[in-house]
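Colleague: With the input below, show me the fold.
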Amino acid sequence: MNITEGPVKVDNLIPASYKLTNGDQIVGYVEKLGMDDQGYYEIFFPVSMEVSPEFGLMCRLYNAYTDYDSVIISGHHIVFGGKANKRAIINYNNFMERLNDSIDIIDVDSRITHVSATTKH
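Modeller: Coordinates of the predicted model:
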């Protein structure tokens, strides 16, 4: 299905687009256009797309690391993404290990001594 075809319903879902405060334009499906009574939007299968001169068409999946098919947006912020899946937890733990390893490599004492020696009071 082409998202530009207009309000074509797919399993009672309508294609929609929302702009976030970080500038990302999210495209996905909604049950109805507009927010609910509490000011929330639920977007199913949300992605943002951009054209990069270096890489071509790039997409960001907003629910790749969750077990849910949708995200909740309030105003222009994602406020709920869902419970993290196993892949998300593994990637997060690997990232934190790499981050901690790189922090351990930095020789903080020599950097502080160097800065103190060159600082004029």
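Colleague: who's the closest residue to residue 18 other than its chain neighbours bridged to?
Modeller: Nearest residue to residue 18, sequence neighbours excluded (Cβ to Cβ, 6 or more residues apart in numbering): residue 26, at 5.0 Å. The C-beta positions use only the backbone N, C-alpha and C, and glycine is treated the same way. With DSSP bridges applied, residue 26 shows beta-bridge pairing to residue 18, residue 48.
Colleague: Contacts only, for residue 26.
Modeller: When contacts are counted by Cβ atoms under 8 Å, 6 or more residues apart in numbering, residue 26 is found next to 17, 18, 19, 20, 43, 46, 47, 48, 62, 73.
Colleague: so how far is the helix or strand hosting residue 88 off the chain centroid?
Modeller: Using DSSP states H and E, residue 88 falls within helix 86-105. Chain-centre distance of helix 86-105: 18 Å, with Cα atoms, centre = their mean, to the nearest Å.
Colleague: Numbering from 622 from now on, please.
Modeller: Sure thing, new numbering starts at 622, so read that last one as helix 707-726.
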